[in-house]
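Undergrad: Sequence and predicted model, in that order:
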Amino acid sequence: MLASLLRRLIQAIMVILAMTIIVFVGVSVIGNPVDILINPDASQAEYARVVAHLGLDRPLWQQYLMFLQGIFHGDFGTSFVYNKPALSLIVERLPATLELAMTALLIAIVVGLPLGLYAGLHPERLSSRLIMSGSILGFSLPTFWVGLMFILLFSVQLGWLPSGGRGETASLFGTNWSFLTADGLHHLILPALNLALFKTSLVLRLTRAGVQEVLPQDYIKFARAKGLSENRVIYTHVLKNLMIPVVTITGLEFGSLIAFSVVTESIFAWPGMGKLIIDSINTLDRPVIVAYLMMMVMLFVALNFIIDICYTLLDPRVRLDTKGK
């Protein structure tokens, strides 16, 4: 098992290195930030001075080596717009995005897992068919449209929840969080529900498919033949085995919640990384864009590595296959 984890760690490092090349080249060949940062009436000397100051006059390979050296030192450069270290800007916005993503994932698991389990155990019931029909809506409805409808219904028409912002926050471990205050929770509900809608449908359908696959297995029939109670069969045998794909997909989806919460954050004016990256793309703020992309790469690689470990712990067959190699 140790050799397998070491091999996966080396693979993760190679993936990160390859992505540094892709991210750097992809960002560096798009547009010229100097055209946005300086006055169009500026002289050629001023233009050249800004280009030299940003290091854009050097060959791409030199810029890449400088970029790679900066990554190893945690330095992604200084934002062209905010004149602050790019990484610090990302870290400042990270708690808001992380809080939103974790809340959305929690909603998806708490709602999707039991509904999917019920629909899988009782597929012929009308309620199960209604649940599955609802999950299709969760997949089909655009996130931006659902967000606008949430605002129109719960904020404008009913006046129950605020339409945007993060609300009042409280400090925990030196970081401000919305869920620690009543006002912050009110502001968190709508964007979290909007972000969780698709993921809830995914967890629901994945759980139902897992139940349908596990129930006909011989070990389930044997457990029932031994006289085990239905609850023990479900929670000990069925649920444990279907958790393997659920854990795998859920871990990856958590990364996507963080990386792709841009639409939800924009609609609800949630001050997370999504709004920052949109503004940075509009102004060609390369250091911030690169820092954000590299953080997302490292996040997904780390999540995959953690999922591999969890998968190995949940499924003994993976450990046996590893030993046999």
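TA: Structure's in. What do you need?
Undergrad: Give me the pLDDT for residue 103.
TA: As predicted, residue 103 sits at a pLDDT of 90.
Undergrad: my guess is it is in a strand, correct?
TA: No: applying DSSP: H, G, I helix; E, B strand; the rest coil, one finds residue 103 to be helix, outside a strand.
Undergrad: For burial, what's the neighbour tally of residue 44?
TA: 7 (other C-beta atoms under 10 Å). (C-beta placed from N, C-alpha, C; glycine too.)
Undergrad: Give me the distance between it and residue 63.
TA: Distance from residue 44 to residue 63, counting by C-beta to C-beta, to the nearest Å: 22 Å.
Undergrad: do the same with residue 300
TA: Taking C-beta to C-beta, one finds residue 300 at 25 Å from residue 63.
Undergrad: ok, now residue 22?
TA: Separation of residue 22 from residue 63 (C-beta to C-beta) stands at 15 Å.
Undergrad: can you check residue 134 too?
TA: To residue 63, residue 134 is 50 Å away according to C-beta to C-beta.
Undergrad: And residue 141, how far from residue 147?
TA: Taking C-beta to C-beta, one finds residue 141 at 10 Å from residue 147.
Undergrad: Of these two, which one has the most company?
TA: When residue 141 and residue 147 are compared for neighbours, residue 147 comes out ahead with 22 against 14, by other C-beta under 10 Å.
Undergrad: Now for the nearest residue to the more buried one once chain neighbours are set aside: which residues touch it?
TA: Computed as C-beta to C-beta, 6 or more residues apart in numbering, the closest residue to residue 147 that is not its neighbour in sequence is residue 267, at 4.0 Å. For residue 267, the contact set (C-beta atoms under 8 Å, 6 or more residues apart in numbering) comprises 144, 147, 148, 151, 164, 191, 194.
Undergrad: Buried subset of those residues as a PyMOL selection?
TA: Here is the PyMOL selection string for the buried members of the contacts of residue 267, based on 16 or more other C-beta atoms under 10 Å:
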select buried, resi 147+151+164+191+194
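Undergrad: So which of the contacts of residue 267 sit within helices?
TA: Among these, the members found in helices (DSSP state H) are 144, 147, 148, 191, 194.
Undergrad: Of those residues, just say which sits nearest to residue 96.
TA: Distance to residue 96 across the ones in helices among the contacts of residue 267 (C-beta to C-beta) is lowest for residue 191, with 10.0 Å.
Undergrad: how much space between that closest one and residue 265?
TA: In terms of C-beta to C-beta, residue 191 sits 7 Å off from residue 265.
Undergrad: Touching both of the two, which residues are there?
TA: Common neighbours of residue 191 and residue 265 (criterion: C-beta under 8 Å, 6+ apart): residue 100.
Undergrad: neighbour count winner among residue 22 and residue 63?
TA: Just comparing residue 22 and residue 63: by other C-beta under 10 Å the higher neighbour count belongs to residue 63, 17 against 11.
Undergrad: average model confidence for the helix or strand where that one lies?
TA: Residue 63 belongs to helix 60-72 when assigned by DSSP states H and E. The pLDDT scores in helix 60-72 average 77.
Undergrad: Flag every buried residue along that helix.
TA: 63, 64, 67, 70, 71.
Undergrad: who are the neighbours in contact with the nearest residue to the second one once chain neighbours are set aside?
TA: Translated: residue 64. Nearest non-adjacent residue to residue 64, counting by C-beta to C-beta, 6+ apart: residue 24, 5.2 Å away. Residues near residue 24 by C-beta under 8 Å, 6+ apart: 63, 64, 67, 290.
Undergrad: Tabulate the residues you listed (JSON lines), appending distance to residue 232.
TA: Output for the contacts of residue 24, formatted as JSON lines (distance: C-beta to C-beta, whole Å):
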{"residue": "63", "distance to residue 232": "62"}
{"residue": "64", "distance to residue 232": "58"}
{"residue": "67", "distance to residue 232": "56"}
{"residue": "290", "distance to residue 232": "52"}
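Undergrad: Out of those residues, the closest to residue 48 would be?
TA: Minimum distance to residue 48 across those is 16.6 Å, recorded for residue 63 (C-beta to C-beta).
Undergrad: How is the protein divided into domains?
TA: 2-72, 93-323 (automatic domain parsing).
Undergrad: Let me know which of those is the nearest to residue 79.
TA: When the domains of the chain are compared by C-beta to C-beta, domain 93-323 sits nearest residue 79, at 5.2 Å.
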